[in-house]
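Student: everything below, folded, please.
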Amino acid sequence: MKKLLALTAVLLLTATVAGCSFTFTTTSATTTAATTTATPATTTEVSIDMDLIRSEIYNRIYAELYDDLYAEVAADLSQARFDEIYAQVMDEVLDKVISGEITVTPLSIIEMIYAVAAGEAEAVVGITAYGAGGNTVSTGSGVLYKHVGDRYYVVTNNHVIEEAASLKVRTPDGEEYTAILRGVDETVDVAVIYFNTSELYETAAFGDSEAVTKGTIVLAVGNPSGFDYYGSMTMGVVSGIDRYFDIDNDAVKDMFVNYIQHDASINAGNSGGALFNLNGEIIGINVIKIAATEIEGMGFAIPSNLVAAICADIEEFGISKVKPVLGITFVDIFDNPDYFDYYNITLPETITNGFYILSVVENSSFDGYVQAGDIVTQIGVIDIVDTDGFVQEFSQYHVGDIISVTVYRNGEYLTFDNVELKAKP
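Tutor: Numbering: from 1, shown residues only. Down below sits the predicted model:
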């Protein structure tokens, strides 16, 4: 009972501090009033979203408090009763917001951009890769995402550092530190490096890329065209999600990364830099730009949830266990029926979906099971319909998973069990 009283007292004490200011975003609408003057008068209506207030106050004040206090009273109080008391306290907080005892200060988009520029954007650093002879082989960007003791972890693209004999990181204060490669994921194009220093630098946290939607305002930070434009920031919006590409030019969309498409300006040197939301969270790592005279504003970032998982693996194991590679080239039967007519390949009339195998990469996941000329109809729990559907469903699998594969070969269906999914050979 004492713990219960302590819980209520602490929450109420925190909630009733007069003059507290909470910063959040309101919705606003501008209307034009009809008047007899030549210049119309403009009024601004600001509506307060109470659900948003509740969410922001919870996120900014009570997240850690909630967990800590519940851990203290869990033995004496059910989750339902705790949540009931907590909801009552939150209602009192909202009443105080409405009455003015707690003030709510709207934060404009411009102010949010300034805040990111002065804060998390400083976590974006420069990376220089040197050859064996000390010559510069590439420059790019990276993001300080973790600080443990004197060690800073930096995420970047693998293609920025893949030819390096040695690496240096340039921080916003102009200092340069020798960096060590911890590991890479060649498939997704992610690398983790680290350096040691007692100096204090800004780090940025990974956000939830699953929460990103079309229209989300984003900020790209990096070093376009080298360090002369160090720390450049550009703004845009998310143009699309779950974009897939044929990265290795084998005429098949790769199933490795569901890229975030955006129109914030990025250029050579931005590779490995951060794509931030307005809360200063990393929602992506910039990696690709489509450049052509007839194309403008098409940049792509690796989603942060995928990057964070890969970084965690590399930190612990030195390799990534996140994205497996099947090791096949194939023709999608559903999407490419003309292919089989052109090459006089006869398919069974009953098969209208599946992957017609052209080749299998040695030492890959499917090597020893699948052969050229097979029609793969099921991979794991996924019934093959078409490539687009498959690449999205395949994201549930990781390196080391054991699955079954069903193929049509020489007039019969064969199922291979205990197929281990492997990383890129």
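
Student: which residue ranges make up each domain of the chain?
Tutor: Following automatic domain parsing, one finds the domains of the chain at 2-29+41-106, 211-305, 328-420.

Student: how about the ones you listed in TSV, adding mean pLDDT and mean neighbour count?
Tutor: For glycine as for every other residue, the C-beta is placed from the backbone atoms N, C-alpha and C. Shown next, in TSV, are these (pLDDT from 0 to 100; neighbours: other CB atoms under 10 Å):
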stretch	mean pLDDT	mean neighbour count
domain 2-29+41-106	57	13
domain 211-305	87	19
domain 328-420	93	15
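
Student: would you turn these into TSV with distance to residue 159?
Tutor: Formatted as TSV, those follow (distance: least, CB to CB, whole Å):
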stretch	distance to residue 159
domain 2-29+41-106	36
domain 211-305	7
domain 328-420	20
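
Student: what's the closest of these to residue 117?
Tutor: When those are compared by CB to CB, domain 211-305 sits nearest residue 117, at 5.9 Å.

Student: measure that closest one end to end?
Tutor: With CA to CA, to the nearest Å as the measure, domain 211-305 spans 10 Å from end to end.

Student: in the protein, which residue is closest to the centre?
Tutor: Nearest to the geometric centre of the chain sits residue 304, at 1.8 Å (CA atoms, centre = their mean).

Student: phi first, then psi, for that residue.
Tutor: phi -60, psi -30 (degrees, to the nearest 10).

Student: residue ranges of the helices in the stretch 151-300 of the chain, please?
Tutor: Using DSSP state H, counting those that start in this stretch, the helices assigned to the stretch 151-300 of the chain run over residues 158-161.

Student: may I have stretch 150-164 exported as CSV, CA atoms only?
Tutor: The C-alpha trace of stretch 150-164 is given here as CSV (Å, rounded to 0.1, in the frame of the first residue of the first chain):
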residue,chain,number,x,y,z
ASP,A,150,35.7,6.5,-24.9
ARG,A,151,34.4,4.7,-28.0
TYR,A,152,32.1,6.1,-30.7
TYR,A,153,30.4,3.9,-33.2
VAL,A,154,29.8,5.2,-36.7
VAL,A,155,27.4,3.8,-39.3
THR,A,156,28.1,4.4,-42.9
ASN,A,157,27.7,2.7,-46.3
ASN,A,158,29.9,-0.2,-47.2
HIS,A,159,30.7,1.3,-50.6
VAL,A,160,32.3,4.3,-48.8
ILE,A,161,34.9,2.2,-47.0
GLU,A,162,35.2,-1.1,-49.0
GLU,A,163,38.5,-0.2,-50.7
ALA,A,164,40.1,1.3,-47.6
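
Student: pull out the buried residues from that stretch.
Tutor: Neighbour-count burial for stretch 150-164, counted by 16 or more other CB atoms under 10 Å, picks out 152-161, 164.

Student: export these as CSV, with columns for pLDDT and distance to residue 233.
Tutor: CSV is the format used below for these (pLDDT from 0 to 100; distance: CB to CB, whole Å):
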residue, pLDDT, distance to residue 233
152, 98, 21
153, 98, 22
154, 98, 19
155, 98, 18
156, 98, 18
157, 96, 19
158, 95, 24
159, 94, 22
160, 96, 19
161, 96, 23
164, 96, 26
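
Student: now for those residues, which pair is the farthest apart?
Tutor: Once CB to CB is applied, these give 152 and 159 as the farthest pair, at 21.5 Å.

Student: surely residue 418 is within a strand?
Tutor: Yes - Residue 418 forms part of a strand when assessed by DSSP: H, G, I helix; E, B strand; the rest coil.

Student: what residues are up against it?
Tutor: Going by CB atoms under 8 Å, 6 or more residues apart in numbering, residue 418 touches 402, 404.

Student: packing partners of whichever helix in the chain runs longest?
Tutor: Identified as the longest helix of the chain according to DSSP state H is helix 79-99. When contacts are defined as 3 or more CB pairs under 8 Å, 6 or more residues apart in numbering; DSSP states H and E, helix 79-99 sits against helix 2-15, helix 50-57, helix 63-73.
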